[in-house]
Structure formats: structure tokens, C-alpha cells
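> kindly return the folded structure for what I paste below:
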Amino acid sequence: MNEQNPIFILGPTNIPDRIRNAMNKQTVDHRSPKFSELFMSVLSDLKTVFKTARGTVLAFPSTGTGGWEAALQNTLDPGDRVLAARHGVFSHRWIDMCQRHGLEVDVIDCAWGSPAPAELFAERLENDKQGTIKAVLVTHNETATGVRSDILAVRKAIDKAGHSALLLVDGVSSIASMDFQMDAWGVDIAVTGSQKGFMLPAGLGIVAVSERAIEIAKTKKTARCFFDFPEMLKANQAGGYPYTPALQHFYGLRESLDMLLEEGLDQVFARHRRAADAVRAAVAGWGLSLCSTSAPHHSDTVSAIYVPPGVDSNMLTDLALRKYGVSFGIGLGQMTGKAFRIGHLGSITDTMILGGLATLEMAMSELAYPVKLGSGTTAAQKVFVGRP
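Below is the predicted model of the structure:
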């Protein structure tokens, strides 16, 4: 029975029955008009979620990590210089990928819990008089620390420096759950995956690409096949794929988009903000603290929470899963054993949040945390009561 419990990890997220049922389809010919009609409607509505009229959305049978790789392979060559901040596990992984691809990475190391530093980006770009920096990489939502970075501020930093660098953004744990404005923020490539805000199993790396980035991809000599933007774009424009698509995922994605648009994107974002506010109220009620150090940059999809000194956070997540059948995110990187994470994204409701918080309180009580039963759930209830 414990398989019926919701999960509070950062992906894959809970899959609504509507989406699971939609994916339970017999295979069709992926070169038939039937698939083409479904596929093209999905690509069109994905642009609404990314908030782009000028960009093009591509969906690779992959994950967000594949989307990262596609972004690098299509716009950069080995030896090219890029600028990135390291302030969590996932921003570090993107840097590591760049280095494996032979790119020269200017790394700005920041304290974990802080956002990407737009002001330091501006300084580095202003000093790059020769324009050798080809791209700026930003993690919109650092999943390890629960920190949201200001993408518009980074775009303004690039523009202020009069620099031509591309703006590449990891939106894996934000897009479809928090507001993302590709055109208004001047983003050249935005990457996400199917298994988070879109509430699907892992299996699609979804990449929105600006006109400029597509033109650059046409000139690049870096070897690529599976992740080739021009080849994928050519096939998509004809209503299909250059190879076999993840067919059932598109049935699910069609249903996911229907659910998001029926609810309304503003309401989706408000629901995630409400869930995040409730979790943050609970953390304060417990007397614990967030890893995120700046309220304006708190994530609306994940909260990373420090445990009391001398306590192993892995014991908490292990007990919650073993005894109560509920999964929470463990601490990653330098937060291993020091923090746990609550994922509050995708298919999530007020009552699901309250159940997760109550589970944590029971587990903390059994581990002798200095936390009073009901302190967090009561604080969260006060957030929910009276809210639309």
C-alpha cells in the first residue's frame, strides 16, 4: 500500500492518473499523420510554457542532462571559453560537462545557498574586451540548495557589458512549475526534462532554442548526430523525427500540457508558491533553517533544510522511507548528511504537502530532534487557510 504515498523528491515527480492513463496507448506509426498531428500540437503548446514566440522547441529522447549536452554540442567548439557560477551540485555538473567537452570554463565559485552572481558576471564580461567568452551558463533553480537565480539580471549584465555571449539556462527543476520567460529574459537556450514540472517519467530532454542559437548551430563543426539541432529541426518541420521518438511520452506530454493550460500557468505558479510558502513556514516552526540565504531567491519547487548540528540527515530520510513509505530528497555534495530536501513541484496539493510535513515530524520525533509534533504542520496550515 505504501506505493500510494506521494513522493517529495526532485524528480521523477508524482505522475497524475490522467497522464498515466494517457500514456497507456498502443504504438502507432511515428511517421503517420496521426502522430504528426499530436507531435506538432505538443511543440506549439510547449512554446506557451517557455513563453517564447520566436524560439523553437526541440524534444530529444533523453533527459535534462542530454539537453545540456545538446546545448553545448550545437553552439560551442572545443577550446571555446564559457562563464559559469558554481553554487551547488547541478551547476557544478554542468561545468564538469563543459570541461569534458574540452571547453575552457571561467568558474565563479559562490557560497552554497546563494544565487548566480549577476554582478560578477557583469564584471567578467566587461573585462573580456576581445569577446572570447562565447556563452554564459546559468542554473535557474539549483536543485541541491533550493535557490532560484535571477535570469533577467544576468541578461542585463550581458547587455550592460555590450557582450555577444549566448545565455544558456538550466531550467530543469523550474520550467512548468515557476515562471520562465524565454523571450523577455533574452535566453538563447533553455533546457528542461519531462520528469519534473511536466509530471512525466524521465525520457524527454526538452530544449527551447533562440533563432540566434539555431543559426550558430548551422555553422558549428563539432561532431554530433543524435543531438543535432539542424537535423532535428528539419525533421520536425516536416512533422516528424530523424529517428524513433519516445512515442508514449508524447501522449503523456499532450495530457500534461492540457492539465497545465486548463489550470492556467499563473495558477500553476501560484500553487507552487503557496506550497513553498507552507514548507518554509513549517521549517521556521521547527526551528530549522533553509540552505537558501536570501528570501527573494528561495525556490518554489524545492526546499533544502539543514538539520541540527551533529545529526545525520540521511537517518531522517531513511526512517521516513523505511517506516512511513515516503521519500524525501537527501542532501547532495557538501550538504550530504547535513541537510534534506523537500520537493514541492509538479503534481502537488496542499493536503499532500501537509501529509509530507506530518511524516517528517513523526520521523524527527523518533530521532529525538528538538521539534514539537505539530509545530510545522500548524504553521503550514496557517499559510493554506484562507488562501485562494
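
> residue ranges for the helices of the stretch 201-350 of the chain, please.
Along the stretch 201-350 of the chain, the segments classed as helices by DSSP state H, counting those that start in this stretch run 211-219, 229-237, 247-263, 265-286, 313-324, 350-366.

> any chance of CSV for those, columns mean pLDDT, distance to residue 146 and mean neighbour count?
All C-beta spots, glycine's among them, are computed from the backbone N, C-alpha and C. Formatted as CSV, the helices of the stretch 201-350 of the chain follow (pLDDT from 0 to 100; distance: least, Cβ to Cβ, whole Å; neighbours: other Cβ atoms under 10 Å):
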stretch, mean pLDDT, distance to residue 146, mean neighbour count
helix 211-219, 96, 29, 16
helix 229-237, 96, 32, 17
helix 247-263, 97, 22, 19
helix 265-286, 98, 9, 20
helix 313-324, 97, 14, 17
helix 350-366, 97, 15, 20
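
> between the ones you listed, which one is nearest to residue 36?
Taking Cβ to Cβ, helix 229-237 is the member of the helices of the stretch 201-350 of the chain nearest to residue 36, at 9.9 Å.

> picking up where we left off before, need the helices of the stretch 201-350 of the chain in TSV (columns: distance to residue 195).
Formatted as TSV, those follow (distance: least, Cβ to Cβ, whole Å):
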stretch	distance to residue 195
helix 211-219	24
helix 229-237	20
helix 247-263	10
helix 265-286	16
helix 313-324	19
helix 350-366	18
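
> in which helix or strand would I find the residue nearest the centre of the chain?
Closest residue to the average C-alpha location of the chain: residue 173 at 1.6 Å, with Cα atoms, centre = their mean. Residue 173 belongs to no helix or strand when elements are defined using DSSP states H and E.

> pLDDT (mean, whole number) over stretch 138-146?
The average pLDDT for stretch 138-146 rounds to 97.

> again, but for stretch 156-164
96.

> kindly report the same for stretch 118-134.
Predicted confidence along stretch 118-134 averages 96 (mean pLDDT).

> next one: that stretch to chain centre, how far?
Stretch 118-134 sits 26 Å away from the centroid of its parent chain (Cα atoms, centre = their mean, to the nearest Å).

> nearest spatial neighbour of residue 259, chain-adjacent residues omitted?
Leaving aside its chain neighbours, residue 259 sits nearest to residue 18 (6.3 Å; criterion: Cβ to Cβ, 6 or more residues apart in numbering).

> for residue 57, see how far away the one you found is.
In this view, residue 18 and residue 57 are 22 Å apart by Cβ to Cβ, to the nearest Å.

> more neighbours: those two, which one.
Remark: of residue 18 and residue 57, residue 57 carries more neighbours, 22 against 15, as counted by other Cβ atoms under 10 Å.

> who does the host helix or strand of the more buried one pair up with?
Assigned by DSSP H and E, residue 57 belongs to strand 56-60. Sheet partners assigned to strand 56-60 using DSSP bridges are listed as strand 205-209 (antiparallel).

> what's in contact with the partner strand?
Contacts to strand 205-209, defined as Cβ atoms under 8 Å, 6 or more residues apart in numbering, come from residues 46-47, 50, 52, 55-67, 70-71, 74, 175, 182, 187-194, 198, 217, 229.

> next step: those restricted to helices.
46, 47, 50, 64, 65, 66, 67, 70, 71, 74, 217, 229 (DSSP state H).

> burial count for residue 188?
Neighbours of residue 188 under the rule other Cβ under 10 Å: 24.

> if we can go back for a sec, buried members of the contacts of strand 205-209 into ChimeraX, please.
Per 16 or more other Cβ atoms under 10 Å, the buried members of those correspond to this ChimeraX selection:
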select :46,47,50,52,55,56,57,58,59,60,61,62,63,64,65,66,67,70,71,74,175,182,187,188,189,190,191,192,193,194,198,217,229
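
> on that earlier part again, by contact count, what packs against whichever helix or strand the residue nearest to residue 259 is part of?
Element membership of residue 18 [criterion: DSSP H and E] is helix 17-23. Other helices and strands packing on helix 17-23, by 3 or more Cβ pairs under 8 Å, 6 or more residues apart in numbering; DSSP states H and E, are helix 247-263.

> so which elements touch the helix it packs on?
helix 17-23, helix 33-50.

> again, 10 Å this time
When contacts are defined as 3 or more Cβ pairs under 10 Å, 6 or more residues apart in numbering; DSSP states H and E, helix 247-263 sits against helix 17-23, helix 33-50, strand 56-60, helix 265-286.

> output those in TSV, with distance to residue 102 appended to each entry.
Output for these, formatted as TSV (distance: least, Cβ to Cβ, whole Å):
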stretch	distance to residue 102
helix 17-23	38
helix 33-50	29
strand 56-60	22
helix 265-286	38
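
> out of these, which comes closest to residue 234?
Shortest distance between residue 234 and these, using Cβ to Cβ, is found for strand 56-60: 11.1 Å.

> CA atoms only for stretch 255-269, dumped as CSV, please.
These are the backbone C-alpha positions of stretch 255-269, laid out as CSV (Å, rounded to 0.1, in the frame of the first residue of the first chain):
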residue,chain,number,x,y,z
GLU,A,255,-2.1,15.4,-21.4
SER,A,256,0.4,17.2,-19.2
LEU,A,257,0.1,20.4,-21.3
ASP,A,258,-3.7,20.1,-21.3
MET,A,259,-3.6,19.9,-17.5
LEU,A,260,-1.2,22.9,-17.1
LEU,A,261,-3.2,25.1,-19.6
GLU,A,262,-6.5,24.1,-18.1
GLU,A,263,-5.3,25.2,-14.7
GLY,A,264,-3.7,28.3,-16.2
LEU,A,265,0.0,28.9,-15.9
ASP,A,266,-0.4,31.8,-13.5
GLN,A,267,-2.4,29.5,-11.2
VAL,A,268,0.2,26.7,-11.6
PHE,A,269,2.9,29.1,-10.5
